[in-house]
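**Q** One predicted model, sequence on top.
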Amino acid sequence: MKTNLWTLVIGIFVLFTTSQAQAQQEATAKKILNQVSQKYDGYKTIQAIFSFSAKQADVANYTDNGTLSLDKKGNKYLIEMKSQQLISDGQNTWTILKEEGEVQINDADNSNDNINPSNIFSFYKSGFKYVSAADEKLGQTTLNVVELSPIDTKKNYFKIKLRINKSTKQIYDATVFDKSGSRYTYTIKSLKGNVSFPAGTFTYSKSKYPGLEVVDLR
């Protein structure tokens, strides 16, 4: 069975020694993350177009594009990518792998222990240490940079680099540094808040995917 692409991204960071200079950095990072939280906390629903890239040792690089539709109430989401689709009604998650002719069913992960589509814009609120890094320029856009490390060092990643548009306070991209040496980057191409979604957006319908083998992993 093919691994869910999203699980490849569920990883994060390095631990930093304490100093007065670092304490100032942490205060700056906290301020930046609070501003981002205020932005996203004002949305009940979100629709984002994103790109995904994976750089892995001894494996060809991989890129994909997709759309994330998120209803924060009930932790419901729909991810549509070329290679797969993920649907969650808040209780179950369906991963549709068309090329493999398979649908995998799992229990939805509504905890805050892992990064998942339902908390991708708020995962950094708990479970991490963080420091600010030097701003970066992307054309005429200034990006604030915050590096996070998981308090739980048993995670399969050691760092997440979060870049935030300084003027809009929206996340530009997030790069996960895996302990295996791989890097996974999600870039937010566009984002709309408080979008109205049609009924059934977050419901799996077998009739839409005829002929696929259902593998129940719950």
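**A** Nice, I can see it. Keep in mind that what you see is a predicted model, and the values were worked out from it rather than measured.

**Q** Let me know whether Ile188 touches Tyr172 as I believe.
**A** Yes - counting by Cβ atoms under 8 Å, Ile188 touches Tyr172, with 6.3 Å between them. Just so you know, the C-beta spots here come from the backbone N, C-alpha and C atoms, and that holds for glycine as well.

**Q** what about the helices in the protein?
**A** All helices of the chain, identified by DSSP state H, fall at 5-9, 20-41.

**Q** contacting residues around the longest one?
**A** Outside of helix 20-41, the residues within contact range by Cβ atoms under 8 Å, 6 or more residues apart in numbering are 16, 46, 121-122, 124-125, 129-132, 144, 146, 164, 168-171, 193.

**Q** And it, how far out from the chain middle?
**A** 19 Å (Cα atoms, centre = their mean, to the nearest Å).

**Q** now swap in stretch 188-200 and tell me
**A** That offset, for stretch 188-200, works out to 16 Å (Cα atoms, centre = their mean).

**Q** Then stretch 159-167?
**A** 13 Å.

**Q** Now it: buried residues?
**A** By neighbour count on 16 or more other Cβ atoms under 10 Å, the buried set for stretch 159-167 is 159-165.

**Q** Report how many residues lie close to the nearest residue to Glu213 once chain neighbours are set aside.
**A** Closest residue in space to Glu213, ignoring its immediate chain neighbours: Glu102 at 5.1 Å, by Cβ to Cβ, 6 or more residues apart in numbering. Neighbour count for Glu102, taken as other Cβ atoms under 10 Å: 17.

**Q** Verify the stated contact: Glu102 with Tyr209.
**A** No - in terms of Cβ under 8 Å, Glu102 does not count as a neighbour of Tyr209; the distance is 9.9 Å.

**Q** and Thr67, bridged to which residues?
**A** Note on Thr67: beta-bridge partners by DSSP bridges are Ile49, Glu80.

**Q** contacting residues around the spatially most central residue of the chain?
**A** In the chain, the centroid-proximal residue (Cα atoms, centre = their mean) is Ile120; its distance is 4.1 Å. By Cβ under 8 Å, 6+ apart, Ile120 lies in contact with 68, 70, 186.

**Q** Make a markdown table out of those and add distance to Ser53 and pLDDT.
**A** Output for the contacts of Ile120, formatted as a markdown table (distance: Cβ to Cβ, whole Å; pLDDT from 0 to 100):
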| residue | distance to Ser53 | pLDDT |
| --- | --- | --- |
| Leu68 | 16 | 93 |
| Leu70 | 21 | 92 |
| Tyr186 | 8 | 89 |
